[in-house]
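>>> model the following, please.
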Amino acid sequence: MKLYLSSYKLGKETEYLKEWLQSNDNKILLIINARDTKIQNEEEKEKLNQNVQMLENLGFVVSILDLKKYFINRKN
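This next block holds a predicted model:
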């Protein structure tokens with residue numbers, strides 16, 4: 001497993017991501033809300049769609065892991 005971490009969009013290393021496609025499977029898991037437990041509004045949904053589109057434009061098949069589903073449903 002390889003990790004590519006970016007705190008803003010695709011970050012500065014998009015060339016690395018392109019190289020990754022040449023040597024690995026083109027599947028990628030996008031986790032966009034590592035700290036965010038609030039419900040998404042329309043603006044946040046659009047930002048998610050933009051991030052997915054950027055990765056798809058590079059050639060990735062994108063899956064999304066939404067941590068809100070875990071944290072919102074978690075019983076204290």
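>>> can you tell me how far the residue nearest the centre of the chain is from Gln53?
The structure's the chain has its C-alpha centroid closest to Leu30; by C-alpha atoms, centre = their mean the separation is 2.3 Å. According to C-beta to C-beta, to the nearest Å, Leu30 stands 11 Å off from Gln53. (C-beta placed from N, C-alpha, C; glycine too.)
>>> quick one: stretch 15-25 to chain centroid distance?
16 Å (C-alpha atoms, centre = their mean, to the nearest Å).
>>> next, the buried residues of it.
Leu17, Trp20 (16 or more other C-beta atoms under 10 Å).
>>> re earlier: contacts only, for the residue nearest to the centre of the chain.
Asn51, Val52, Leu55, Val62, Ser63, Ile64, Leu65 (C-beta atoms under 8 Å, 6 or more residues apart in numbering).
>>> mind checking which of these are buried?
Using 16+ other C-beta under 10 Å, the buried ones in these are Asn51, Val52, Leu55, Val62.
>>> what about the longest helix in this protein?
As assigned by DSSP state H, the longest helix anywhere in the chain is helix 42-58.
>>> tell me how far the nearest residue to Leu10 once chain neighbours are set aside lies from Asn41.
Spatial nearest neighbour of Leu10, excluding adjacent residues (C-beta to C-beta, 6 or more residues apart in numbering): Met54 at 5.5 Å. According to C-beta to C-beta, Met54 stands 20 Å off from Asn41.
>>> who touches the helix or strand where Gln22 lies?
Assigned by DSSP states H and E, Gln22 belongs to helix 14-23. With contact meaning C-beta under 8 Å, 6+ apart, helix 14-23 is reached by Lys2, Tyr4, Leu10, Leu55, Leu58, Gly59, Phe60.
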